[in-house]
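In: Requesting a structural model of the entry that follows:
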Amino acid sequence: MREIVVLGAGVVGLTTALALAEDGHQVTVVDAAEGPGAGASSGNGAQLSYLFTDAFSSPALLRKIPSYLTRRDPAVRIRPTASWQFARWSCSFLANGSKRRFERNTLRLLDLALESRQRFRSISSRLGFDHRMSGKLTLYASQAGLRDAEQTISMKRSAGVRQSLLSPREALEIEPALASYAHPIAGALWSPEDEAGDCSLFCRGLRNILEEDYGVSFRFGTRITDIDSDRGRLASIRTDRGEIACRRAVIALGVDSRRIAARAGIALPIWPLQGYSMTIPALPDAPHVSITDSTRKIVFCRLADRLRIAGVADLGPLDQRFDAQRFSSFAQAAERAFPAAGDYRAEVNAWTGFRPMTPDNQPIIGVTRLKGLYVNCGHGSLGWTLSMGSAARLASQIREIDTA
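Out: The predicted structure follows:
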C-alpha cells in the first residue's frame, strides 16, 4: 500500500484524502486545528455554485476598482500592502480582468465545477449536512448588471448550462420571500441546478467515513512548520509535534498553502480574500432558494432551521483579523436587505475566514518541482463547490505517475 500525507483537513484536504484512499493509498491527514473543517470550510456561504462560476477578476470588477480603493463601495475593500509579492499578484489579477481572460477562466471553472457536482452526488447521500437542491437566484439592481449577466449566460450555453434571466415578477414567483426584500430588483439570474449545504457538517461526516471505511488516520492539533527534502525529493514533514517521514504529501492548506510551500522553495500565487458570515435562526419568511445580492455581495442560504448569511470581500495584508466594525457593517447591511428572513436579535454565530485567491481564479492542482510533493489549493471562494472535482483530478495525476 502506498503511503501519502495530506496537509490540511478542510473540505479540499478531506476530499483529496477520499480520492486517494479510493485509489488504494494509505492516507494520513495532518491539521493544526482540533477537528475537520475548522478554517475557511466552517462558516462559508454554504452555496454549491456549480453554474455560477464567474471568475472574480472581470471587466465589470475592473470598472469598480477606484470605488474599492476609496471605500465608496462597502462590499469590497482593497488594502494595498507594501510588498513585491502583493504588487506582482495584483498586476496578474488585473491582467486577468480582460474579457478574453475572464471568459477563459470562467469556462475552466465551470468545467471543473460540473465534474465536481457529478462526483459530489456519489457520496452526498451518505452524509447528513442539510443538503438542499433548491437552485439559486442572483439579484441585480441595474440594467447594466443584467447586461453583464446576459453576456456570461451566452458564453456558458456552449457548455450546456441552464441559466435564465428573470424579471422581478418571475423571480418573485420562484421565491415569494423576495416580497420582503428591501432593495429594488431590476432582474435576477436563475440557476436551477445550484445547490447548498453545511460544509462544516459535510467535513465532519466525511472524516467519519474516511476513518471507518478507508482506515485514514488523522493528526489534529499538529502545526506544520517545515518541509525537508533529500536530493530533490520529499523526505519529511516537520511539525510542532515531531517529524513525519514521508515520500509523498499533498499541500491542501488553503491560504496557508503559500507559507508551507515556500518552505520547500515553491512560490504559490495565493493571496487571502477575507469574508464574514453569520448564522441565525431562520424565520418563516426566510427564502427557500439561495439568494445572492450581486450589488452588496451578500448571500442568504437556508440550512434547515438556520439562515447562513455571508459576504464582504477584503483583499489586503496576510495578517488580517476579525474586524468587529467591519462585521457589524456587514450584519446591518444584511438586516436592512432582508429583515424578515432571520432572527437578527438572536445570538449570532459570527465568523471570518480567508479565501485563497489566485490571480486567474484557477485552483493549483498537481505536481511541484520537489518530487513527491503535490498541491491542491487556491480555490478562492469556490473551495466547497470545486473540492470533489479538484481531488479527483489530483488523484488522476498521481495515478498516471504511478503507472508511467
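In: other SSEs contacting the helix or strand harbouring residue 147?
Out: In this structure, residue 147 is located in helix 143-156 according to DSSP states H and E. Under the contact criterion of 3 or more C-beta pairs under 8 Å, 6 or more residues apart in numbering; DSSP states H and E, helix 143-156 touches helix 59-69, helix 99-124, strand 136-140, strand 164-166, strand 187-191. To be clear about C-beta, it is placed using only N, CA and C from the backbone, and glycine gets the same treatment.
In: could I get those as JSON lines with mean neighbour count, distance to residue 232 and mean pLDDT?
Out: Output for the helices and strands packed on helix 143-156, formatted as JSON lines (neighbours: other C-beta atoms under 10 Å; distance: least, C-beta to C-beta, whole Å; pLDDT from 0 to 100):
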{"stretch": "helix 59-69", "mean neighbour count": "15", "distance to residue 232": "40", "mean pLDDT": "89"}
{"stretch": "helix 99-124", "mean neighbour count": "18", "distance to residue 232": "30", "mean pLDDT": "95"}
{"stretch": "strand 136-140", "mean neighbour count": "25", "distance to residue 232": "46", "mean pLDDT": "98"}
{"stretch": "strand 164-166", "mean neighbour count": "15", "distance to residue 232": "53", "mean pLDDT": "97"}
{"stretch": "strand 187-191", "mean neighbour count": "24", "distance to residue 232": "46", "mean pLDDT": "97"}
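In: And the pLDDT for the residue lying farthest from the centre of the chain?
Out: Relative to the mean C-alpha coordinate of the chain, counting by C-alpha atoms, centre = their mean, the farthest residue is residue 231 (35.4 Å). The per-residue pLDDT reported for residue 231 equals 94.
In: And for the helix holding residue 147, what's in contact with it?
Out: By C-beta atoms under 8 Å, 6 or more residues apart in numbering, the list of residues contacting helix 143-156 from outside reads 51, 54, 59-60, 103, 106-107, 110, 138, 140, 161, 163-165, 186-187, 189, 294-295.
In: First residue to last residue on stretch 177-189, what's the distance there?
Out: 16 Å (C-alpha to C-alpha, to the nearest Å).
In: oh, I was asking about stretch 302-309
Out: OK, stretch 302-309 end separation, C-alpha to C-alpha: 9 Å.
In: so how far is that stretch off the chain centroid?
Out: Offset of stretch 302-309 from its chain centre (C-alpha atoms, centre = their mean, to the nearest Å): 18 Å.
In: All further residue positions should be reported with the first residue as 119.
Out: I'll keep to 119 as the first residue from here, and by that count the last item is stretch 420-427.
In: ok, back up a step: closest to residue 143 out of the helices and strands packed on helix 261-274?
Out: helix 217-242 (17.1 Å; C-beta to C-beta).
In: Which strands or helices does that closest one pack on?
Out: helix 261-274, helix 501-521.
In: buried ones in stretch 297-304?
Out: By 16 or more other C-beta atoms under 10 Å, the buried positions in stretch 297-304 come out as 299, 303.
In: If you could redo that for stretch 356-368, that was the one I meant.
Out: 357, 362, 364-368.
In: quick one: which of the residues you listed sit in strands?
Out: Among the buried residues of stretch 356-368, the residues falling in strands (DSSP state E) are 357, 362, 367-368.
In: what's residue 219 in contact with, if anything?
Out: 173, 175, 213, 478.
In: Now do the SS call for the first one.
Out: Here residue 173 is recorded as coil under DSSP: H, G, I helix; E, B strand; the rest coil.
In: How about the contacts made by it?
Out: 214, 219-220, 223-224, 227, 478-479.
In: Verify the contact between residue 280 and residue 253 for me.
Out: No. Using C-beta atoms under 8 Å, residue 280 is not in contact with residue 253, being 10.1 Å away.
In: Spit out the residues that contact the two alike.
Out: What both residue 280 and residue 253 touch, as defined by C-beta under 8 Å, 6+ apart, is the set 310-311.
In: how about the buried residues of stretch 356-368 in CSV, adding pLDDT and distance to residue 321?
Out: Shown next, in CSV, are the buried residues of stretch 356-368 (pLDDT from 0 to 100; distance: C-beta to C-beta, whole Å):
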residue, pLDDT, distance to residue 321
357, 98, 21
362, 98, 22
364, 97, 23
365, 97, 27
366, 98, 23
367, 99, 20
368, 99, 16
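In: ok, the residues you listed vs residue 471, which is closest?
Out: After measuring these against residue 471 - C-beta to C-beta - the closest member comes out as residue 368, at 21.0 Å.
In: What ranges does the stretch 419-522 of the chain have for its helices?
Out: With DSSP state H, counting those that start in this stretch as the criterion, the stretch 419-522 of the chain has helices at 442-455, 501-521.
In: closest to residue 244 out of the ones you listed?
Out: helix 501-521 (13.1 Å).
In: Going by neighbour count, list what's buried in the closest one.
Out: Here helix 501-521 shows 501-513, 516 as buried, counting by 16+ other C-beta under 10 Å.
In: Just give me how far that helix sits from the chain centre.
Out: That offset, for helix 501-521, works out to 17 Å (C-alpha atoms, centre = their mean).
In: what's the angle from it to helix 217-242?
Out: 80 degrees (axes from the mean of the first three to the mean of the last three C-alpha atoms, to 10 degrees).
In: which residues of the stretch 319-468 of the chain fall in strands?
Out: Taking DSSP state E, counting those that start in this stretch, the strands of the stretch 319-468 of the chain run over residues 335-337, 342-348, 351-357, 360-363, 367-369, 389-399, 408-411, 416-421, 424-433, 467-475.
In: measure the nearest residue to residue 282 once chain neighbours are set aside to residue 343 for me?
Out: Distance criterion C-beta to C-beta, 6 or more residues apart in numbering; nearest residue to residue 282, sequence neighbours excluded, is residue 308 at 5.1 Å. Between residue 308 and residue 343 the computed distance is 48 Å (C-beta to C-beta, to the nearest Å).
In: can you give me the end-to-end distance of stretch 379-398?
Out: 37 Å.
In: how far does that stretch sit from the chain's center?
Out: Distance, centroid of stretch 379-398 to centroid of chain: 11 Å (C-alpha atoms, centre = their mean).
In: got the buried residues for it?
Out: 379, 381-382, 384, 386-398.
In: now stretch 451-469
Out: 451-453, 455-456, 459-460, 462, 466, 468-469.
In: Lowest-confidence entry in the residues you listed?
Out: residue 466 (89).
In: Look up the pLDDT of the nearest residue to that residue once chain neighbours are set aside for me, please.
Out: Among residues not flanking residue 466 along the chain, residue 396 sits closest, at 4.9 Å (C-beta to C-beta, 6+ apart). On the pLDDT scale, residue 396 is placed at 97.
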